[in-house]
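J.: just coords:
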Ligand SMILES: Cc1ncc(COP(=O)(O)O)c(C=O)c1O
């Protein structure tokens, strides 16, 4: 029998959709996949070359469990240059992706029953990780009307004597909301009155920010709170390195030490080869990040224009990341050509799957009736996928 905490949680719904789409494709179905959560670009050549060089040089052995000093030094430089954050090597921890790093960070500080405030729509794993540790996610719903952002007032109202953590994600997966420095400063004002609350800032999509929006991170906006903030980042989304598996964080030494302790028991060090490649990513040319961001922006605009023509959808312009989160309430209650009624975003997702389009229903992000669409795919795919969605949605009565 499974442990109680594990028995209660669900596997990641995004992984489930990914697996289903992979199976259908293997069976020969022609699918446009809007479920993917990774850049469709290749890892840049100079980064691959650094990985190959590491193999050739025999950098193929275990490293320290929390990463090499060389990569930590590159991360210290990155935090200073991009975020104006000062960390020393002892305040940096590296892991095999931001996902296990976040899990370890939560595990290090959450006792059973501790409350963790998470705004929804949320990345499912943020919630699942808290549940794995027998913590209690306290969900604060946001909608497209409030820009999918947690307000200072909503944060204040959600805090109880059991609140131990606030988990922030900006730019957000799944909504694309970007917290301005001002919005973060307002949250910091609330947090100042509650010294027991730790904060994780998940900054994975830092480099994908559109229009006049500017990326900001809490530890830089509120340096006085620095000793209770863990700033999490990684190379996956920024440098198209999802398969290389490197995530990292900067934070107070006591917290980082706790994470190191857990990692020393349950993980080996992250891949030596991927760490060498990540140094090339962080220290190398950064110009292509702007070009990629512009490509995502163009795709976002094409998708927004197409989706706006589908009766029954409402959509907020994402400020960053590579996702759209349409509200599909207007389609619920309509009948499919086979007579079945669309009752939830999951029903819509399964109908659209039959029409050759993969989306992720809102239930996975603790919000309905919304669904998530990734634009990390070509313009041609976006146009064709939205054409299929339009035909399918117009056929609903
Ligand atoms: C918000 C967010 N944080 C963390 C991760 C994990 O990234 P990594 O590939 O580094 O494990 C993801 C991946 O989808 C994500 O969307």
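T.: Sure thing, it's come through. From a predicted model like this one, the values you see are computed outputs, not experimental measurements.

J.: lowest-confidence helix or strand of the chain?
T.: For the chain, using mean pLDDT, DSSP states H and E, the weakest element among its helices and strands is helix 13-26, scoring a mean of 79.

J.: in terms of secondary structure, what does that one contact?
T.: When contacts are defined as 3 or more C-beta pairs under 8 Å, 6 or more residues apart in numbering; DSSP states H and E, helix 13-26 packs onto helix 345-354, strand 357-358, strand 360-361. Any C-beta I mention is one placed from the backbone N, CA and C, and that applies to glycine too.

J.: 10 Å - rerun?
T.: strand 32-33, helix 124-132, helix 345-354, strand 357-358, strand 360-361, strand 371-374 (3 or more C-beta pairs under 10 Å, 6 or more residues apart in numbering; DSSP states H and E).

J.: what does this structure have sitting close to the ligand?
T.: Taking C-beta under 6 Å from any ligand atom as the measure of proximity, the chain contacts the ligand at 37, 97-99, 123, 169, 173, 202, 204, 234, 236, 242, 247.

J.: contacting residues for the residue of the stretch 251-397 of the chain found nearest the ligand?
T.: Using C-beta to the nearest ligand atom, the closest approach of the stretch 251-397 of the chain to the ligand is made by residue 321 at 7.9 Å. Residue 321 makes contact with 37, 169-178, 204-206, 208-210, 237, 296, 300, 374-376, according to C-beta atoms under 10 Å, 6 or more residues apart in numbering.

J.: now do the SS call for the residue nearest the centre of the chain.
T.: Centroid check for the chain by C-alpha atoms, centre = their mean gives residue 173 as the closest residue, at 4.2 Å. Taking DSSP: H, G, I helix; E, B strand; the rest coil as the rule, one finds residue 173 in the coil state.

J.: ok, it - contacts?
T.: Residue 173 touches 14, 37, 121-126, 202, 204-205, 237, 320-323, 325, 365, 372, 374, counting by C-beta under 10 Å, 6+ apart.

J.: now do stretch 97-112: distance to the chain's middle.
T.: Remark: stretch 97-112 is offset 15 Å from the chain centroid, using C-alpha atoms, centre = their mean, to the nearest Å.

J.: how about it: buried residues?
T.: Neighbour counts over stretch 97-112 (16 or more other C-beta atoms under 10 Å) mark 97-110 as buried.

J.: what of stretch 362-380?
T.: In stretch 362-380, counting by 16+ other C-beta under 10 Å, buried: 362-377.

J.: what of stretch 81-99?
T.: 82-83, 85, 87, 91-99.

J.: do the same with stretch 119-132
T.: In stretch 119-132, counting by 16+ other C-beta under 10 Å, buried: 119-132.

J.: kind regards, and thank you for your time.
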